[in-house]
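K.L.:
got a predicted structure here, sequence first:
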Amino acid sequence: MQSFEGLTPKEIARRKKKSIQQSRLMAKKRKAGLKRYWAERRKERLARERAEKREKEREKKRLLKEKNKKKRGRKKKRGPKIDWNLRKKKKLLKQRKAEAKAAEKNRPYLYRVYLTRNNVRESMIGKYKTIEEAYEAFNKEKERSANVVFPRATKITDLLEPSIDECVLVGMTNDGPSMLRNEYGKLVEQQTDLEGWEVIDKFRNNIEETFWVWGYHNKHDRKTFMWIYENLLIRDGFGVYEFRRVFTFRNKLLVRYDDMHLEFVICKSDDDAVRLYNELQRRAKSDGIKQLLFVGDRSKLTEETKKLIAELMEITGWSQKRVSMKNTSYYMTNKLKK
């Protein structure tokens, strides 16, 4: 610190003035120095930013040039690396499948399944390449046959004759005539009318019988056993004191209601009418229906039968001869074809 001892007031004032001037000069120099310092820092920062910007532009141009530059060789594929051994195996497997499919397509049909009636072929269910496919169709037909309610027993050609329906599996086996058991368990040699084909298996095939119900078309709208049972015998249920009488007359099955209304079914023969009557009676008994009265056959000529014939003639408009027939065909006798 400056000492002013022994100095005149004038000298003290001069020195204080000089000290103040020096302080102001130093402050001014310090301020100018700081200004120069920050100017240099700002200049350096701007230069650095310009350099960085130029560098970015050069890098951008370089990357664009590399991107547009055409590369030599095959373009690299995207995705995982190809396993050429696996691809070869897949291609070989695909080729083998195609060859197997072509071989299967060209394989001959060695098996057939026929429907026959009285040992005469009526239709073919299908032809098959393997015994497994043939037996699948054969067993499917057997299952359908087992579910038949009322099987067909007769057929009409020129005469009335039994209808023996069978499903036959034949094949090109070249093993000679086969031996199958008949309905009596006896081994019987099987013959076919197809050269080179042999019978492998067969069974008695049940075909659902259809009936001519009066009021419906006799060919295009024939009815089954269950339709007759549900729509003629148990239709609309029963009242407390209501009964329905079921009986046969020649080849007809008739149902008489309590109001004396008459419905009837025309069968192929009187035997079929009896079979239908018996099966309906068994079904009604099984279902516990006691208001169906099965009163038997009315074919014997009595006064009651004469009234029935007259009633049928009035309903149908037929002659007495046609109403009294035992078969459906006007010119057919009841003789079975020998």
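P.N.:
That came in fine, so what should we check first? Numbering: from 1, shown residues only.
K.L.:
strands of the stretch 51-200 of the chain, residue ranges please.
P.N.:
For the stretch 51-200 of the chain, strands defined by DSSP state E, counting those that start in this stretch occupy the ranges 111-117, 120-128, 154-156, 160-162, 165-171, 179-181, 187-189, 198-204.
K.L.:
buried set for stretch 310-320?
P.N.:
Residues of stretch 310-320 classed as buried under the neighbour-count rule (16 or more other C-beta atoms under 10 Å) are residue 312. From N, CA and C alone the C-beta is placed, and that goes for glycine too.
K.L.:
let me see the mean pLDDT of it.
P.N.:
Per-region confidence: stretch 310-320 scores 93 on mean pLDDT.
K.L.:
restricting the selection to alpha carbons, write that stretch to PDB.
P.N.:
Output for stretch 310-320, consisting of C-alpha atoms alone and laid out as PDB, is shown next (Å, rounded to 0.1, in the frame of the first residue of the first chain):
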ATOM      1  CA  ALA A 310    -116.600-102.900 -54.500                       C
ATOM      2  CA  GLU A 311    -115.100-100.100 -52.400                       C
ATOM      3  CA  LEU A 312    -111.700-100.600 -54.000                       C
ATOM      4  CA  MET A 313    -113.300-100.600 -57.500                       C
ATOM      5  CA  GLU A 314    -115.000 -97.300 -56.600                       C
ATOM      6  CA  ILE A 315    -111.700 -95.700 -55.300                       C
ATOM      7  CA  THR A 316    -109.500 -96.900 -58.100                       C
ATOM      8  CA  GLY A 317    -111.800 -97.100 -61.000                       C
ATOM      9  CA  TRP A 318    -110.400-100.500 -61.900                       C
ATOM     10  CA  SER A 319    -112.200-103.600 -62.900                       C
ATOM     11  CA  GLN A 320    -113.000-106.400 -60.500                       C
END
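K.L.:
roughly how far is it from the heart of the chain?
P.N.:
Stretch 310-320 sits 51 Å away from the centroid of its parent chain (C-alpha atoms, centre = their mean, to the nearest Å).
K.L.:
ok, and what's touching that stretch?
P.N.:
Stretch 310-320 is contacted by residues 214, 249, 252, 262, 264, 309, 322, 323 when judged by C-beta atoms under 8 Å, 6 or more residues apart in numbering.
K.L.:
still on that earlier bit, so which of the strands of the stretch 51-200 of the chain is nearest residue 99?
P.N.:
strand 120-128 (21.7 Å; C-beta to C-beta).
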